[in-house]
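J.: With the input below, show me the fold.
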Amino acid sequence: NKVYSAAIAKTQKIWTAYLDSIMKVGQMQILRRQITNELNYSCRFDSKHLAAALENLNKAILADIEAHYQNPTLPYPKEDNTLLYEITAYLEAAGIHNPLNKIYITTKRLPYFPTVNFLFLISQFPKLQYNRNLGNV
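T.: Sure, this is the predicted structure:
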C-alpha cells in the first residue's frame, strides 16, 4: 500500500504541474484574444476606412489563393513577393486576425500526447462549473 500511495502522490504532483502549465498557456491565449479584440475595436473606431480596406484586401488575397488551389493554372504570389508579409503585419496591427491560429514554435510529434491531454481533460471536468451570468465555464 505504501508503494501505491507513493505512486498516487507522484501522479498528483505531475497532474498539478501539468495543470499549472496548461492554465498559464490558457491565460496567455485569453490575453492574446483580448489584445487582438482591443486592437480591432480601436482600428474600427479610429479609422473605419483603413479597417474596411484591410479586410477587403485580405479577402481578395485569400480568394485568389483559394482559386489557385482550385485551379493550379491561376497565378500564386511568388516567394520574392513581399505582399503577404506586409499585409500580415498590417492585419495584426489592426487586430484583423485570429491569434489562436498563429504558430510560434513547432516540436516533434509526441506519441500519446492527444491521449494524455484527453485523460487530463476528463480528470478536470468535475472541477468545472457553468456560470449562467458569464456564459462560459
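
J.: Who are the packing partners of the helix or strand hosting residue 11?
T.: Here residue 11, judged by DSSP states H and E, is contained in helix 2-46. When contacts are defined as 3 or more Cβ pairs under 8 Å, 6 or more residues apart in numbering; DSSP states H and E, helix 2-46 sits against helix 48-70, helix 113-124. Every residue, glycine included, has its C-beta placed from N, CA and C.

J.: Report the central residue of this structure.
T.: Nearest to the centroid of the C-alpha atoms of the chain, with distances taken as Cα atoms, centre = their mean, sits residue 100, at 1.4 Å.

J.: what about it, distance to residue 70?
T.: To residue 70, residue 100 is 27 Å away according to Cβ to Cβ, to the nearest Å.

J.: What of residue 20?
T.: According to Cβ to Cβ, residue 20 stands 46 Å off from residue 70.

J.: try residue 90
T.: From residue 90 over to residue 70 the distance is 26 Å, taken as Cβ to Cβ.

J.: more crowded one of the two?
T.: Counting neighbours by other Cβ atoms under 10 Å for residue 90 and for residue 70 shows that residue 90 has the greater number, 15 against 8.

J.: what pLDDT does that one get?
T.: pLDDT recorded at residue 90 is 94.

J.: Contacts only, for it.
T.: Counting by Cβ atoms under 8 Å, 6 or more residues apart in numbering, residue 90 touches residue 54.

J.: Surely residue 92 forms part of a helix?
T.: Yes. Judged by DSSP: H, G, I helix; E, B strand; the rest coil, residue 92 forms part of a helix.
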